[in-house]
Each structure stands twice: as C-alpha cells, then as structure tokens.
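# Would you be able to build a 3D model of this:
(one chain, ligands or ions: 1)
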Amino acid sequence: MPFPTSSPEAALAADGVTRRYRRSGPDALGGCTFAVPAGVVCALVGPNGAGKSTLLELAAGLGRPTSGTVEVFGGPARVGNPRVAYLAQDRPLFPRFTVAETLRLGARLNEGHWDAGLAERFADPSRFGKGDRIGSLSGGERTRIALALALGKRADLLLLDEPMADLDVLARQELMGLLMAHVADTGATVVMSSHILSELTDVCDHLLLLDAGTTRLCGDMDELTDAHAVVAFAGGAERLAGHAVVESRPAGRGTTALIRRAGPLPADWEVRPPSVEELVLAHLTGPSLPASIPPRKDTAA
Ligand SMILES: Nc1ncnc2c1ncn2[C@@H]1O[C@H](COP(=O)(O)OP(=O)(O)OP(=O)(O)O)[C@@H](O)[C@H]1O
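Have a look, this model is predicted:
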C-alpha cells in the first residue's frame, strides 16, 4: 500500500529517499518511503547504522537526498525552517559560551517565537554557576542545554536524535515528562530516535522502523500491533499458509509464529497481540514485508 507521502496532514514524508555520502560508497539510505502524520509522537528505531541520524539530518535540511524527496508539512525540507527544531546526536554547541550566553543566543536566533520559560525548564540554569562554560559541562548537562535550545524554539516538528542518551534515570524521567507535557499543550509532532525501545513505547503512538536504510515498518503503534499476532498451535509451519509470516519456529510438537494476519485464524490456535519489542525484533530478523499495514477486513479469531 503506498504511503500518502504528499498528504497535507503529513508532518514528515519521505519518498524514495536515498543518501550516499561518498560517490562510490554504500547507501546510508536506500529508497526510504514513509509518512508521519502531524500531531503524532513517533519512535524512530532501528539497529546501529540503519540510517536514523541520516534521515533526521535530511529532515532538518542538513544535506540533500541523493535521490527522492523529503517533505516537511508539504514543502521541501530546508535548513532554518522555523517550524522545525532539530536536536543532533552530537549536540553541537559553542564550548566557550556560558550557559546563559547560549540561552540568550537561542532567544536572539528565534526572536518572536522563543519560549524562554520552557527553555529554562529544560536547561534548569539553577544547576549551573553563572559563568559555567558549555565546554566544562558533562554530556548529560550539555544534552539539557541542547534540548532547551530545540524546545525553546516552539517548533511544530521536533526532530530529536537520541534525546535522552546521556541522561541519568531521574533526568530522563523529568525531561521526558516535560517533553510530553509540552507536546500535549502544543500538539507538536515529535520524531525521536532511541535504542531503548521501552523508553519510547510508553510515550510514542507511532512507529518508524528503519533497517539498512529502508523502511521496515511505519504506522500507528496500535494498528501495527493489531494487524499482527503471536500464534501457537499443534502442527507444522504449513498451517501458516495464507498469512504473511514474519517469524516462525518449532515449539515442541507445534509451532509458534509472529504473523501479519490475513483473515480469521483457526479456533484451535492460541493467539495474542505482540508487544512492540516482539514486533520490531521479528521484523528486523524476518523477511521484508510491506512496511505499511492495509486496513483490516476481518479481525475475528
Ligand atoms: N558523514 C558520514 N560520512 C560517511 N558515512 C556516513 C556518515 N554519516 C553516516 N554514515 C554512514 O551511513 C550509515 C547510516 O548511519 P546513521 O548514523 O544514519 O545510522 P543510525 O541509524 O543513526 O546509527 P546509530 O544508531 O549507530 O546512531 C552508516 O553506515 C554510517 O557509517
């Protein structure tokens, strides 16, 4: 099923995007197509090297696709778009600036749409001495400041590359709470990458799974889990015929499998919905299936 990549309600859409860093090198993205609707909180997941950071960079307008298009709210992705805030994985900040100077710079660069209160809640300047320079902060402290700069911008689309990566457990909880409260207040769209899936499944309602530069899954989390089932039954894998099998293995005298349902399932099968973790792992190890889920016709077990 094609994604509505030009749909006006898509906050971020990619159509056949490839990105090659070196002319004769491999594709960091190899034909990536998806659409993230406006207003969702989207988990961007995938193994190391899947292309997550590359995709976020392109969405922020930093670099151009080698082919294909990346659109933000229906227009080409471009650097300096006031509707977009981007938190890069390496948190680029000026090391010689103090915390206060950095926040003042954020205010100056985003005049007219800077939320100083929100930026201060993320940065929490009370933690720092007046003259503390960015270069003297810990990784987690720098992340707080970088998040403050991104969030203070009051953007409609937040592109956050591993936003919680350097933070301790308490700071993660605090900043994720602030982020979610901000999103609930403003209806901003978030696309956020992380390797800690459990951290994302609690707060995200949309999933974008990349692997080796291509889209493996994209859609509403509930619809994706709903369209799949973990099944267990007596007998061999031949009983799965007709269903798209993501993963299957023998279990005693029977079979367990994660399938994409196609119509009703036999009454003697044990059936349960997969967790998001199971879904992601199975799709990363199993055969490639269409990344989007067609509307379900028959859900009866
Ligand atoms: N500046 C660059 N020059 C050359 N190759 C690059 C560059 N940036 C990324 N790549 C390559 O592109 C591919 C995708 O990298 P990317 O950083 O986008 O993946 P990722 O999913 O964000 O990985 P991780 O989870 O490890 O952060 C990798 O093979 C990487 O080596």
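
# need the contact list for the closest residue to residue 92 other than its chain neighbours.
Leaving out its chain neighbours, the residue that sits closest to residue 92 by Cβ to Cβ, 6 or more residues apart in numbering is residue 146, at 8.0 Å. Bear in mind the C-beta positions are built from the backbone N, C-alpha and C, glycine included. Residue 146 makes contact with 87, 88, 91, 92, 93, according to Cβ atoms under 8 Å, 6 or more residues apart in numbering.

# what are the ranges of the helices in the stretch 151-300 of the chain?
169-186, 197-201, 221-227, 276-285 (DSSP state H, counting those that start in this stretch).

# Contact residues of the protein facing the ligand?
Neighbours of the ligand within the chain, by Cβ under 6 Å from any ligand atom: 21, 28, 46, 48, 49, 50, 51, 52, 53, 54.

# any weak-confidence spans in the stretch 1-150 of the chain?
Applying pLDDT under 70 to the stretch 1-150 of the chain flags residues 1-8.

# where do the strands sit along it?
All strands of the stretch 1-150 of the chain, identified by DSSP state E, counting those that start in this stretch, fall at 10-20, 27-37, 41-45, 67-72, 75-76, 84-87.

# ranking the ones you listed by burial, who's on top?
Mean neighbour count (mean count of other Cβ atoms under 10 Å) peaks for strand 41-45 among these, with a mean of 25.

# how many neighbours does the nearest residue to residue 158 once chain neighbours are set aside have?
Distances taken as Cβ to Cβ, 6+ apart place residue 190 nearest to residue 158, at 4.7 Å, with adjacent residues excluded. Residue 190: 26 surrounding residues under other Cβ atoms under 10 Å.

# Test my guess that residue 190 contacts residue 163.
No. Using Cβ atoms under 8 Å, residue 190 makes no contact with residue 163, being 9.2 Å away.

# shared neighbours, these two?
Joint contacts of residue 190 and residue 163 (Cβ under 8 Å, 6+ apart) are residue 179.

# For the stretch 151-300 of the chain, give me the ranges with low pLDDT.
For the stretch 151-300 of the chain, the ranges with pLDDT under 70 are 294-300.

# That one: strands as residue ranges?
Under DSSP E, counting those that start in this stretch, the stretch 151-300 of the chain gives strands at 157-161, 189-193, 206-211, 214-220, 228-234, 244-251, 254-260, 270-272.

# Need those in TSV (columns: distance to residue 130).
As requested, the strands of the stretch 151-300 of the chain are exported to TSV (distance: least, Cβ to Cβ, whole Å):
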stretch	distance to residue 130
strand 157-161	28
strand 189-193	32
strand 206-211	41
strand 214-220	46
strand 228-234	54
strand 244-251	55
strand 254-260	55
strand 270-272	56
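
# May I see the buried residues of stretch 220-231?
By neighbour count with 16 or more other Cβ atoms under 10 Å, stretch 220-231 contains the buried residues 220, 221, 223, 224, 225, 226, 227, 228, 229, 230, 231.

# Which residue is the nearest non-sequential neighbour of the fifth one?
Same thing as residue 225. residue 273 (5.1 Å).

# pretty sure the one you found is in contact with residue 227, am I right?
No. Here residue 273 does not reach residue 227: they are 9.6 Å apart, not a contact under Cβ under 8 Å.

# Pull up the distance across stretch 105-119, start to finish.
End-to-end distance of stretch 105-119 (Cα to Cα, to the nearest Å): 12 Å.

# if I look at the residue nearest to residue 99 when sequence neighbours are not counted, how far off is the ligand?
Distances taken as Cβ to Cβ, 6+ apart put residue 128 closest to residue 99, at 4.7 Å, once the chain neighbours are dropped. In this view, residue 128 and the ligand are 28 Å apart by Cβ to the nearest ligand atom, to the nearest Å.
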